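[1] kindly generate the corresponding structure for this input.
(one chain, ligands or ions: 1)
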Amino acid sequence: MKKKVCVMGLGYIGLPTATMFAVSGHEVVGVDIEEKVVKTINEGRIHIEEPGLAEMVKGAVMEENLLASTEPEEADVFIIAVPTPLTEDNGANLDYVKSATETIRPYLKKGDLVIVESTIAPRTTEDIVVPELAKSGLEIGREIYVAHCPERVLPGKIIHELVHNNRVIGGINEASALKARKLYTSFVQAEMYITDATTAEMVKLMENTYRDVNIALANELAKISEKVKIDIWEAIKLANKHPRVNIHQPGPGVGGHCLAIDPWFIVESAPKEAKMINLSRNINDSMPQFTIRNVKEKLFGIANPKIAILGITYKGNVDDLRESPVLEIIDHFQEEDVDLSIYDPHVDECQYNLVELEEAVKDADCIIIGTDHKAFKEIDPAKIADLMRNQILFDTKNLLDYDWWQEKGFKTYKLGDYSDYDWQKEYGIKEVMKGHKEVAATKEAASN
Ligand code: SAJ
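    Residues are numbered from 1 along each chain as shown. Model prediction:
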């Protein structure tokens, strides 16, 4: 049955969700506080990169099933899909969820369903959302139905996963859960499991924590590979041939709005108990510095090196920079006055000066692959080798075809491959940094 659906927040989750409801025959109003976002969507365009989404939004807007606005409207269903960032002391900042709940309260009527899709700290639905909605005077659970149905889709594959992923539906009572499940049958073609709201909150956080802890293990093993001189990628591949082993991949750190954040919500709820979760977060957060140290080793003997960073998003094939570990690497080198150039084919605009590939590698001594964009596999090393001053490649993602790059004159290294590690090179770090300090001193003298 056709419903009027009001989606609060038109970001990476809200917009695809609003669009799915719109193309499934519902009348959807998407609400965002950013006027620019509202305008872009009403013109049938999108402000984020997500495969398949642009065409769907265009169609839904043209058919008048999707309208964006800065204000909510009366509706049968309200879906809250606003961000939940970290507070300064690594807690859950629930301000946007609270304010979205407050904003919809005057529009509620008997029989409405309110769904929170945002990732929230344990007990948020029961302790924060329900009391706020109760201020409407409507009886919660009987006149207003409430559920937490966390989104679990992977950026880059959102459209497919919205339809095909299982869902967890956490109702504050059975009636709420059943209503929410019925609504999602509009487009979900997978299982939908009913539970209570607090369990659903924890399930979502546990999924991302599992992945974060697993990646921390891979990252710790990458560090250990330095001591025992092995290629960790090869070792993980072989270990994963075991039927009950699935070690994730190491990298320059863990970014994005989910894995780098959600585990902290559990730590905040139980700081004394959540020891492994806390440690894993810290291990993953140490990886940008580990990458920096390794790159400096590879630059041994080159004074005032120029580094070209390829790929700065938090993962491959997306345009999202949130919590990207590559940003810490860039900031570090910039603070040290290292000559840096940055290229990312998925990012149009950001806080850094981005250049085209040829310009980025021109006179560079080292390329760092920061993100596993598919497009990088197509880069022909023969075309860029001559543009560079020294041909050094440091791949944090085990992405490229090293035989090809070596054939074209590159010295190739990847994070976690120490099969040819030379301990003497550690002393090189000081030499390299000496070069940077000289540059900094000259610049300062020139500006005085
Ligand atoms: N990463 C590694 N090694 C790996 C896998 C990932 O270092 O083996 C890094 C990535 O490079 C990236 C970060 O982890 O920086 C997170 O990437 P991701 O692809 O693991 O996850 P997200 O953040 O894009 O999406 C996750 C997904 N959660 C799970 O797979 C359990 C997604 O299903 C959730 O919906 C999403 O979080 C979310 O919104 O919570």
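
[2] stretch 107-117 near the ligand anywhere?
    No: counting by Cβ under 6 Å from any ligand atom, the ligand is not contacted by stretch 107-117; separation bottoms out at 9.6 Å. Using the backbone N, CA and C atoms, a C-beta is placed for each residue, glycine as well.

[3] start the count at 288 instead of 1 going forward.
    Renumbered: residue one is now 288, and that last one reads stretch 394-404.

[4] okay, strands next: where are they in the stretch 388-537 of the chain?
    Using DSSP state E, counting those that start in this stretch, the strands of the stretch 388-537 of the chain run over residues 399-403, 431-435, 454-458, 479-483.

[5] run the angle between the first one and strand 454-458 for me.
    Between strand 399-403 and strand 454-458, the angle comes out at 120 degrees (axes from the mean of the first three to the mean of the last three Cα atoms, to 10 degrees).

[6] switch the strands of the stretch 388-537 of the chain over to a markdown table; also include mean neighbour count and mean pLDDT.
    Putting those into a markdown table (neighbours: other Cβ atoms under 10 Å; pLDDT from 0 to 100) gives the following:
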| stretch | mean neighbour count | mean pLDDT |
| --- | --- | --- |
| strand 399-403 | 26 | 98 |
| strand 431-435 | 27 | 98 |
| strand 454-458 | 23 | 98 |
| strand 479-483 | 16 | 98 |
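
[7] right, and these - which one's nearest Leu627?
    Judged by Cβ to Cβ, the one of the strands of the stretch 388-537 of the chain that comes nearest to Leu627 is strand 399-403, at 41.2 Å.

[8] which residues are in contact with the closest one?
    362-367, 384, 388, 391, 395, 411-412, 416, 420, 431-436, 463, 466-467, 470 (Cβ atoms under 8 Å, 6 or more residues apart in numbering).

[9] just the ones of those residues in helices?
    If you go by DSSP state H, those have 384, 388, 391, 411, 420, 463, 466-467, 470 in helices.

[10] buried ones among these?
    384, 388, 391, 411, 420, 463, 466-467, 470 (16 or more other Cβ atoms under 10 Å).

[11] pull the number of nearby residues for Phe697.
    Neighbour count for Phe697, taken as other Cβ atoms under 10 Å: 21.

[12] which ones, among the buried ones among the ones in helices among the contacts of strand 399-403, also lie beside the ligand?
    Applying Cβ under 6 Å from any ligand atom to those, one finds that nothing falls near the ligand.

[13] could you single out the nearest of these to Gly657?
    Checking those against Gly657 with Cβ to Cβ, the nearest one is Val384 at 32.0 Å.

[14] quick one: pLDDT of that closest one?
    Looking at Val384, its pLDDT is 98.

[15] which residues of this protein lie near the ligand?
    406, 438-442, 494-495, 498, 502, 535-536, 538, 541-543, 545-546, 601-602.

[16] next up, the contacts around the residue of the stretch 588-735 of the chain found nearest the ligand.
    Going by Cβ to the nearest ligand atom, the ligand is nearest to Lys602 of the stretch 588-735 of the chain, at 3.8 Å. Contacts of Lys602 were listed using Cβ under 8 Å, 6+ apart, and they are 442-443, 542-543, 658-659.
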